[in-house]
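Novice: Kindly generate the corresponding structure for this input.
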Amino acid sequence: MDPQPEHRHDPRAPSVPAALRGDLAPALRAARLRGAQAGGTEIFWLGQAGFAIFAAGRFGLIDPYLSDSLAEKYSGTARPHERMMPVPVAVRDLPEPDFILLTHRHGDHMDPGTLPYIAQAFPAARFIFPEAERAEAALRSRLDPEDPRLTGTDAGARIALAPGLSLRVFAAAHETPETDLTGRHRFLGYGLATPDLRLWHSGDCVPFEGLVSDVTDFAPDIALLPVNGRDPELTASGIAGNFSLEEAAGITCAVGAGTLLAHHYGMFAFNSCAPERIDAMAAQRADLAILRAMTGVVYCVG
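Specialist: Model (predicted):
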C-alpha cells in the first residue's frame, strides 16, 4: 500500500486507509458482519467509480464494474478499454447487497457484465438508477422493466433505504446536463446519510450551475469524486470527461466537505489521472484531506 499523508483529526473523516489482510472478498464479508453488530461506516473502492459501502448495518454497491465487458465491446478499436487493474472481487464472492446505486448508463457504471449476475445471485437486491434509463437498466440487469427490484429515480428525490440510512438524489452533468423528453435526468449523483455521516458520490460529473448549492444543502462530510478530467479529443470522439483533480478539490471545499476521496483513475490508460498527481496534491493541501482511492485498503469512519 502506498503511504498517504495524515491530516488533522476529524471524526467524520476516514481514518488513514488500513491495509486489508488477504483478498477483498473475506474483507467484505467481515465488514458485513461488523456492520450488522455495530455502527460506523466502511468504504471499499472497486475501481473506476465503483464502491462497496457498509453503513447503518446495510451493504450497498455504487457503479460496480466487475467484469471486462468493455474490453470485449471495444476490442480492435482505437481505444480498446483494456483494464489496467484486475477485477477486485467476483460477484459470486460478494456479501448480499441490500441496494445497488447506478449513476448512468455508460458500461463502466451500468455494467452488463456485472448486473445480471448480481440480480441472479441476490434476488432481494434493489437496483436504483435514473428513471430516464429504465429500459437500459432492465436490459443490462436482465430484469423485467416492471420488476419491483428496479427503482427508478430522478434529481431531488429522497429515498429511505433502511432505518437510519437515507438516499438523496442529485443531478449530474457528464460534461453537460442531459434529460429525456420528460425532463428526467440521465446522469445522477447520490448522497448517503446516516445519523453520523453524509457521503456524496457525484457520479460522472463536471462543474455546472446549481451543483454547489444543491450539494451544500445536503452538507456532505466526504465527497467521492472522479478526477480523470476532460480532453477535447476524447470529447470529440464521444468519451465525456469529469472533474479535473483541481476542480474536484475545489468542489469538495465549496460544498463544505472535509475529505475528498478521489477516484475514476487507473482503469483505462487513455482516460485516467496519474496517481502521483493525486498524492502530490494530497501532500500540498493542509486545508483538505485528499485520499486516493485504492483497492487494497478499507476506509473506516466512526
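Novice: which residue ranges form the strands in the stretch 151-300 of the chain?
Specialist: Under the criterion DSSP state E, counting those that start in this stretch, strands of the stretch 151-300 of the chain are mapped to 158-162, 165-171, 188-193, 198-201, 222-226, 259-263, 289-292, 297-301.
Novice: and the first one, what other elements does it pack with?
Specialist: Spelled out, that is strand 158-162. Contact here means 3 or more C-beta pairs under 8 Å, 6 or more residues apart in numbering; DSSP states H and E; on that basis strand 158-162 packs against strand 58-62, strand 165-171. Heads up, the C-betas are built off the backbone N, CA and C, glycines and all.
Novice: Reformat these as TSV; add mean neighbour count.
Specialist: Listed next are the helices and strands packed on strand 158-162 as TSV, based on neighbours: other C-beta atoms under 10 Å:
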stretch	mean neighbour count
strand 58-62	23
strand 165-171	21
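Novice: would you list these in JSON lines and tack on distance to G191 and mean pLDDT?
Specialist: Formatted as JSON lines, the helices and strands packed on strand 158-162 follow (distance: least, C-beta to C-beta, whole Å; pLDDT from 0 to 100):
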{"stretch": "strand 58-62", "distance to G191": "12", "mean pLDDT": "96"}
{"stretch": "strand 165-171", "distance to G191": "4", "mean pLDDT": "98"}
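Novice: Tell me which helix or strand in this protein has the weakest average pLDDT.
Specialist: In the chain, the helix or strand scored least confidently by mean pLDDT, DSSP states H and E is strand 18-19, which has a mean of 65.
Novice: returning to what we had before: looking at the strands of the stretch 151-300 of the chain, which is closest to S213?
Specialist: Between S213 and the strands of the stretch 151-300 of the chain, the shortest separation by C-beta to C-beta is 10.9 Å, and it involves strand 165-171.
Novice: Return the most buried member of the strands of the stretch 151-300 of the chain.
Specialist: When these are scored by mean count of other C-beta atoms under 10 Å, the highest mean neighbour count falls to strand 222-226 (a mean of 28).
Novice: Give me the residues contacting that one.
Specialist: The contact list for strand 222-226 (C-beta atoms under 8 Å, 6 or more residues apart in numbering) reads 12-14, 43, 49, 51, 62, 197-202, 204-205, 242-243, 248, 251-252, 255, 257-264, 293, 301.
Novice: gap between stretch 109-129 and the chain center?
Specialist: 15 Å (C-alpha atoms, centre = their mean, to the nearest Å).
Novice: For that stretch, list every residue counted as buried.
Specialist: For stretch 109-129, burial by neighbour count (16 or more other C-beta atoms under 10 Å) applies to 109-119, 122, 125-129.
Novice: Can you pull out the low-pLDDT segments for the chain?
Specialist: Residue ranges of the chain with pLDDT under 70: 1-22, 35-39, 302.
Novice: Mind jotting down where the helices sit in it?
Specialist: Using DSSP state H, the helices found in the chain span residues 24-37, 69-73, 115-121, 134-141, 211-218, 232-236, 245-254, 275-284.
Novice: Need these in TSV (columns: distance to F187).
Specialist: Shown next, in TSV, are the helices of the chain (distance: least, C-beta to C-beta, whole Å):
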stretch	distance to F187
helix 24-37	28
helix 69-73	18
helix 115-121	18
helix 134-141	13
helix 211-218	11
helix 232-236	15
helix 245-254	16
helix 275-284	23
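Novice: any idea how far the residue in the chain sticking out farthest from the centre is from G113?
Specialist: What lies farthest from the middle of the chain is G76; by C-alpha atoms, centre = their mean that is 28.6 Å. To G113, G76 is 18 Å away according to C-beta to C-beta, to the nearest Å.
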